[in-house]
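Asker: after the sequence you'll find the predicted model.
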Amino acid sequence: MWGFARGWRSNAELAVVRGENACTIRPTLRLLDRYIFGQVLLACLGAIGFFTFILLTGNVLRELLGFILSGQLTWWTALPLIGMLIPFVVVYTLPMGMLCGILLVLGRMSAESETVAMRAAGQSLARIAAPIYFLAGLTVAVALAINLYYMPVARTRQKQELSRLVRADPLKIIVPKTFVRDFRNCVIYVYEKKGDELRDVWLWQLDREQRVIRFLRAESGHIELDEANNQLLVTLHRAWEENREKTPEDYRKNPQNIFFETWPATISLNRLFGEQSFRRKIDWYTLPELLAEDARLSKPDPTVSDLERAKLRMKVKFSLQDRLSTAFTVLSFALIAVPLGIKVSRRETSANLGVALLLALAYYFLTVMVEWLNGHPELRPDLLLWTPNLIFVVVAVWLHRRAERA
């Protein structure tokens, strides 16, 4: 590595000593650009792959593992759903991967004095980093395409496909020894399940404020699917009821206790499978859909107050600016990583990874602070989302000037 940089420096210095023009060393510069571009590209791809694996594993555990363990999904049917999660995860791993990759490569090059050789040959820091900025620009274009189209499309299809697969056998929703909270205003617990027969059934009925208004416990039960009405029919045998419908929060009063030999119950599946159950979040809208929704909310609506309409419109603008600013985070991270990577001057991977993680945490902490203002459209949180990027760019310019003078 040092030999490559030393040879490049010797050729460049020889050209300067001989009084040759810039065309003499242009082929060497192109070779150097390809070298830096290739090294940074490989490091960034490795870092993006590493962070994608970490975040993807967390999302799979949170969203799909329960369905897999309950038997509602097999690993084979879950693989396409896992693949649809990748664009959602890459939204966050692209900036982190770019930051980490640049710090790793420039830190190693600086530790091996390759950047010293380039600077001694008369090359400025901006000229050395030109291929890195070119790669960052390409990555910004990729991030924009993912954030504005591929991520929302994949996320929507993933939720729709998951709902379709679970609907194929809704009886599997009832998992033994698990508190099932997937139903609206209802929680159910079953100690044992054999086919459609249940044993030791616990059922809590909740009101709109999620307070317990009725509790049922039965020795056994039977469950079947009423597909026509999109509901589960649960028949409890030897059931004991506690009714707190009149005083759901006053536990000083004894509840009404009633014993039933047979007690029929219905559990609606509309929350899981109904037409209104799958509501696309604003974050899952593509760019044309966001613009159309913003245009719709900009028109007066007699059924919605102006304040509520302003809040809804701000959510649309916030989602759009969030995706745009997240894409340009790649460039902000690249700008600050170049002088910082040279200044760190460490060969150790752990040190560079630590610096990258600290910078990423600082950026996302600032972003979260802005998100707290999402309910106040008068403060324009959609424009404040660009504040972390501006701070990073200003710090990057300052570090560049210091590195040029060093």
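Answerer: Nice, thanks for sending it over.
Asker: point out the other helices and strands that the strand ranked longest in the chain packs with.
Answerer: Longest strand in the chain by number of residues (criterion: DSSP state E): strand 212-226. The contact analysis (3 or more C-beta pairs under 8 Å, 6 or more residues apart in numbering; DSSP states H and E) places strand 212-226 against strand 197-206, strand 231-243, strand 256-268. Heads up, the C-betas are built off the backbone N, CA and C, glycines and all.
Asker: of those, which shows the lowest average pLDDT?
Answerer: Within the helices and strands packed on strand 212-226, confidence is poorest for strand 256-268, with a mean of 81 (mean pLDDT).
Asker: buried sites along that one?
Answerer: Neighbour counts over strand 256-268 (16 or more other C-beta atoms under 10 Å) mark 263, 265, 267, 268 as buried.
Asker: next: stretch 356-366.
Answerer: 356, 359, 360, 363, 364, 366.
Asker: run the chain-centre distance for that stretch.
Answerer: The chain centroid and the centroid of stretch 356-366 are separated by 15 Å, computed with C-alpha atoms, centre = their mean, to the nearest Å.
Asker: what residues does it touch?
Answerer: 47, 95-96, 99-100, 103, 329, 332-333, 336-337, 387-388, 391-392 (C-beta atoms under 8 Å, 6 or more residues apart in numbering).
Asker: distance between stretch 229-237 and the chain's centre?
Answerer: 37 Å.
Asker: how about residues contacting that stretch?
Answerer: Residues from elsewhere that reach stretch 229-237 (C-beta under 8 Å, 6+ apart): 170-171, 188, 198, 201, 203, 216, 218-226, 260-270, 273-274.
Asker: can you do 6 Å?
Answerer: 201, 218, 220-224, 226, 262-269 (C-beta atoms under 6 Å, 6 or more residues apart in numbering).
Asker: just stretch 52-62 next, same as before
Answerer: The contact list for stretch 52-62 (C-beta under 6 Å, 6+ apart) reads 82, 85, 89, 93.
Asker: wait, the last one touches residue 48, no?
Answerer: Yes: judged on C-beta atoms under 6 Å, residue 93 makes contact with residue 48 at a distance of 5.2 Å.
Asker: quick one: contacts for the most centrally placed residue in the chain?
Answerer: Centroid check for the chain by C-alpha atoms, centre = their mean gives residue 89 as the closest residue, at 4.7 Å. Taking C-beta under 6 Å, 6+ apart, we find residue 89 in contact with 52, 55, 56.
Asker: before we move on, the earlier item: what's the closest of the buried residues of stretch 356-366 to residue 33?
Answerer: residue 356 (23.7 Å; C-beta to C-beta).
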